[in-house]
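> Turn this into a structure:
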Amino acid sequence: MIPSETPSVKLTQYSHGAGCGCKIAPKILDRILHNRTTSPSDKSGDSATGQPHYANLLVGNDSRDDAAVLDMGNGEAVISTTDFFMPIVDDAFDFGRIASANAISDVYAMGGEPIMAIAILGWPLDKLSPEVAGQVLEGSRAICLEAGIPLAGGHSIDSPEPIFGLAVTGRVRIDHLKQNNTATKGCRLYLTKPLGVGILTTAQKKGILKPEHAHLAPTQMAKLNSFGAVLGKLPYVKALTDVTGFGLLGHLTEMAEGSGLSAVITFDAVPTLPFVDEYLSQKSFPGGTTRNWDSYGHKISELTEMQRYILADPQTSGGLLIAVDPNSTIEFERVASENGFFLQSFGELVEQREKVVYVQ
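Prediction:
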């Protein structure tokens, strides 16, 4: 029997994971992506991924970037991406908003603009009513309206746990396209949202989050990364990605390795959400943090336990990680300020060293 709608529904009780913390660990994802689907004798396939080669595919799996990009032959490219996960908040409307902002972010992280989205919904109809799923969709429509795009359709299944996300289509001028592996030596690093979402949402799930702190993570996660469309037009932005389930260290490692560089960051300069230390002292951190560290910790300089819990914390709908030409930081910070971001560099990219990321 389908349950009736109830205002006391707490979505996080119905899922084993939460938000981008549900992501498959980086080292396991590597095994999945490098499972060859063409024979070694097939010269038409990519040697790293085993996939057929398409000349107009500008960005695919090979760089672990945020979205796929296809050259349309007219100076523009289509951006295609999808992202979905299990609830990271209890409120259905907020879940729809956050999942949608997170999915749309992949288009912004390529320097592009979204043009359309379709929904991906899995719903346990034996546990949660269709009306609650409707609230998730209403939250999604609200964020799509804010992004100026239609939620134009989708697909739904009856599933054991609630799942929601979007497949998003975007566009970008090819000369505005940003990637995660095109940074240059000396680039300064910036982050548009503070870290700590996984820590606070875990505190919520454990029932230790103070009521006055309950708004911090949802407010941040529902904020669109539309600044990425501005960044696409700035030639001194050399590389761009968003920080999600692999944590800052994971996505910075992808940027540095892909660019043939290493990174040096100052821990105290990395922005974090308020009260994160308070919840870490109560051992509030998601399982995804440990999975992340197990995947790439050997590439990072020695860290304290506190540093590891923050820098490897899985972010849901996290901020944009930006690599800026060192000769243009003043201009970049001015543009950021005009767009409501008061940013300071927390590190830089240097010549390749033994470790990929050094934390000081």
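> What's the separation between Thr290 and Ala217?
According to CB to CB, to the nearest Å, Thr290 stands 20 Å off from Ala217. The way it works is simple: take the backbone N, C-alpha and C, and place the C-beta from them, glycine included.
> So which residue is dead centre in this protein?
The residue lying closest to the centre of the chain (CA atoms, centre = their mean) is Thr244, at 2.9 Å.
> can you give me the helices for this protein?
Listed in chain order, the helices of the chain (DSSP state H) span residues 26-33, 92-108, 130-147, 197-206, 216-221, 227-231, 247-258, 276-280, 287-296, 305-311, 329-338.
> residues contacting the closest residue to Lys299 other than its chain neighbours?
Leaving aside its sequence neighbours, Lys299 sits nearest to Val356 (CB to CB, 6 or more residues apart in numbering; 4.2 Å). Val356 sits next to 253, 256-257, 262-263, 296, 299-300 when contact means CB atoms under 8 Å, 6 or more residues apart in numbering.
> can you check Thr12 too?
Neighbouring residues of Thr12 by CB under 8 Å, 6+ apart: 18, 87-90, 204-205.
> Which of the residues you listed ranks first by neighbour count?
When neighbours are counted by other CB atoms under 10 Å, Ile88 leads these with 32 neighbours.
> Surely that residue touches Gly96?
No - checked against CB atoms under 8 Å, the pair Ile88 and Gly96 is beyond contact range at 11.6 Å.
> quick check: domain ranges of the chain?
According to automatic domain parsing, the chain is divided into the following domains: 11-176, 188-359.
> Name the helix or strand of the chain that has the lowest mean pLDDT.
Scoring the helices and strands of the chain by mean pLDDT, DSSP states H and E places helix 26-33 at the bottom, with a mean of 59.
> For the stretch 1-150 of the chain, which segments count as strands?
Assigned by DSSP state E, counting those that start in this stretch, the strands in the stretch 1-150 of the chain fall at 57-59, 68-71, 76-85, 113-123.
> now for those, which one comes closest to Asp277?
strand 76-85 (26.3 Å; CB to CB).
> Now do the closest one: everything it contacts.
17-20, 22-23, 58, 66-72, 99, 102-103, 106-107, 110, 112, 120, 163-174, 177, 316.
> Parallel or antiparallel, list what pairs with it.
strand 68-71 (antiparallel), strand 163-173 (antiparallel) (DSSP bridges).
> quick one: that strand to helix 92-108, angle?
Counting by axes from the mean of the first three to the mean of the last three CA atoms, to 10 degrees, strand 76-85 lies at 150 degrees to helix 92-108.
> quick one: buried residues of strand 76-85?
Within strand 76-85, the residues that qualify as buried are 76-81, 83-85, counting by 16 or more other CB atoms under 10 Å.
> mind listing what Asp242 touches?
Applying CB under 8 Å, 6+ apart to Asp242 gives the contacts 66, 105-106, 108-109, 225, 228, 251, 318-321.
> With Asp175 instead?
Applying CB under 8 Å, 6+ apart to Asp175 gives the contacts Gly75.
> Give me the pLDDT for Asp62.
In this model, Asp62 is scored at 77, pLDDT.
> And for Cys20?
Looking at Cys20, its pLDDT is 44.
> Equivalent analysis for Gly347, please.
As predicted, Gly347 sits at a pLDDT of 98.
> Count the residues that sit near it.
Using other CB under 10 Å, Gly347 has 23 neighbouring residues.
> okay, now Pro211: neighbour count?
As a burial measure, Pro211 scores 6 neighbours (other CB under 10 Å).
> And Glu305, by the same measure?
Using other CB under 10 Å: Glu305 sits among 9 other residues.
> any idea how far it is from Phe285?
10 Å.
> Now the common contact residues for those two.
When contacts are counted by CB under 8 Å, 6+ apart, Glu305 and Phe285 are jointly contacted by no residue.
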